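In: this one's sequence-less:
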């Protein structure tokens, strides 16, 4: 499966993403740099009483800024050197044009049910292209790989952190997570969306508070931090990682996995709100990309590099060990409390958002009320099994599925370009 996965990403998905992103960059006249329009789009009049433009941004962020951001940043630096962070920035700026396109289309082709709007790639593929089979394929793969697959990975990481830093067993953590997830997902799209929008600011305050402590204590390291990134990015100082080539490929791939640009996932959150002009939601999508990659990943990288955590050799680690080491350097034994709290907030909010996206795609596939109940049961089973087991075997399956959804979405974006000209 890893061979297929690498072929899909390296030779198909990533080249397509950059081609489509550059195309929309030019026809939309460089939307990545229209900062005034980005800010103004957050204050547009909203006809939908349920979800505001800012709330849709928070929902998208809860999916993007997850455990993968915390663990993946350290792993990217370890593999590709500090220069990988620079190429994450570059890829984020370029590929945010694809996010602009998919968010705009999500607004253009969203549906409204019980005064609640919802949509996503499956909806604009069906309505815009008139291709029901391709739309159904996207919806089905997204439910399996994103809603269930990502949840398994998030829950396993969360359980591992709790069992290693507390006295709780994996069975106890699994039961607690199932109960919390079950209580949260019993509501409608409206209620789940509002819950996510409320919890994300709490996550942000806690995370940025810790990041500010690192910045204040290591303030003299800031210029060296950026110098090390730039030198490594262009091969001037490639002590860590495998040189410029590895830095570019690692940074690009990790950046895409972090901000999900072009995958179509963020389009689901974009459809939840209302704008007079669909392009306004496209600009909000760009803000989400920047907050994820330019801000969040940079702060995590600073935490890791300012404490030299990236110099550790962890051949069997999944990346979270780098952040654990960094936190321990500043907070000592209290890290056993801080890290589980961070992982819980990031992981749990991502799981709930993944469920929300799954509900939208189930609604696309069928109107039967029992289908949502089946999705809830499948999600709770996934949470329990992943918490007590090892989901590493599904990593390649998930990555392959995500690559397929990206390819389908990118083809649709390009074919629907007439709606964005």
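Out: Now that the structure is in, tell me what you want to look at. What you see is a predicted model; the values in this text were computed from it and never measured. Residues are numbered from 1 along each chain as shown.
In: ok, which stretches of the stretch 201-350 of the chain are helices?
Out: Assigned by DSSP state H, counting those that start in this stretch, the helices in the stretch 201-350 of the chain fall at 222-233, 244-259, 266-270, 279-289, 298-306, 320-331, 335-365.
In: my guess is residue 52 meets residue 274, correct?
Out: No. Here residue 52 lies out of contact with residue 274, judged by CB atoms under 8 Å, at a distance of 9.1 Å. Using the backbone N, CA and C atoms, a C-beta is placed for each residue, glycine as well.
In: of the two, who's got more company?
Out: residue 274 (23 against 18; other CB atoms under 10 Å).
In: Scan the helices and strands of the chain for the one with the lowest mean pLDDT.
Out: In the chain, the helix or strand scored least confidently by mean pLDDT, DSSP states H and E is helix 244-259, which has a mean of 69.
In: pLDDT weak spots in the stretch 251-400 of the chain?
Out: 251, 313-318, 390-396 (pLDDT under 70).
In: 50 instead, please
Out: 315 (pLDDT under 50).
In: quick one on the thing from earlier: so which of the helices of the stretch 201-350 of the chain is the most surrounded?
Out: Highest mean neighbour count among those (mean count of other CB atoms under 10 Å): helix 266-270, with a mean of 32.
In: could you say what helices and strands it packs with?
Out: Here helix 266-270 touches helix 53-64, helix 83-108, helix 279-289, helix 335-365, going by 3 or more CB pairs under 8 Å, 6 or more residues apart in numbering; DSSP states H and E.
In: Which of those helices sits closest to residue 377?
Out: Residue 377 lies closest, by CB to CB, to one member of the helices and strands packed on helix 266-270: helix 335-365, at 11.8 Å.
In: Need phi/psi at residue 111.
Out: Per-residue torsions, residue 111: phi -120, psi 160 (degrees, to the nearest 10).
In: got the contact list for residue 23?
Out: 97, 414, 417 (CB atoms under 8 Å, 6 or more residues apart in numbering).
In: Please tell me how far the first one sits from residue 293.
Out: Distance, residue 97 to residue 293, by CB to CB, to the nearest Å: 14 Å.
In: cool, and the last one?
Out: In this structure, residue 417 and residue 293 are separated by 25 Å, where distance is defined by CB to CB.
In: And the two? Which one has more around it.
Out: Set residue 417 next to residue 293 and count neighbours by other CB under 10 Å: residue 293 wins out with 30 against 16.
In: Could you find the closest non-adjacent residue to that one?
Out: Closest residue to residue 293 apart from its sequence neighbours, by CB to CB, 6 or more residues apart in numbering: residue 92 at 3.7 Å.
In: Mind telling me which residue is nearest the centre of the protein?
Out: residue 64 (2.1 Å; CA atoms, centre = their mean).
In: OK, contacts around that residue?
Out: Here residue 64 is in contact with 258-260, 266, 288, 292 (CB under 8 Å, 6+ apart).
In: Apply 10 Å and report the result again.
Out: By CB atoms under 10 Å, 6 or more residues apart in numbering, the contact set of residue 64 is 257-261, 265-266, 269, 288-289, 291-293, 296, 350, 353.
In: Please identify which of the helices and strands packed on helix 266-270 is closest to residue 328.
Out: Distance to residue 328, taken as CB to CB, is lowest for helix 335-365 among the helices and strands packed on helix 266-270, at 4.6 Å.
In: Distance from that closest one to the middle of the chain?
Out: A distance of 10 Å separates the centroid of the chain from that of helix 335-365, by CA atoms, centre = their mean, to the nearest Å.
In: for the following helix or strand past it, which positions count as buried?
Out: Per DSSP states H and E, the first helix or strand lying C-terminal to helix 335-365 is helix 369-388. Neighbour counts over helix 369-388 (16 or more other CB atoms under 10 Å) mark 372, 375-376, 378-380, 382-384, 386-387 as buried.
In: What values do phi and psi take at residue 82?
Out: In terms of degrees, to the nearest 10, the main-chain angles of residue 82 are phi -60, psi -30.
In: Wait, it touches residue 74, no?
Out: No. Using CB atoms under 10 Å, residue 82 is not in contact with residue 74, being 11.3 Å away.
In: Name the residues contacting each of these two.
Out: Common neighbours of residue 82 and residue 74 (criterion: CB under 10 Å, 6+ apart): 301, 304-305, 310.
In: which stretches of the stretch 51-200 of the chain have low pLDDT?
Out: Nowhere does the stretch 51-200 of the chain drop to pLDDT under 50.
In: run the last query once more with 80
Out: Along the stretch 51-200 of the chain, the parts satisfying pLDDT under 80 run over 51-52, 62-69, 71-72, 75, 79-80, 113-116, 153, 164-167, 187-198.
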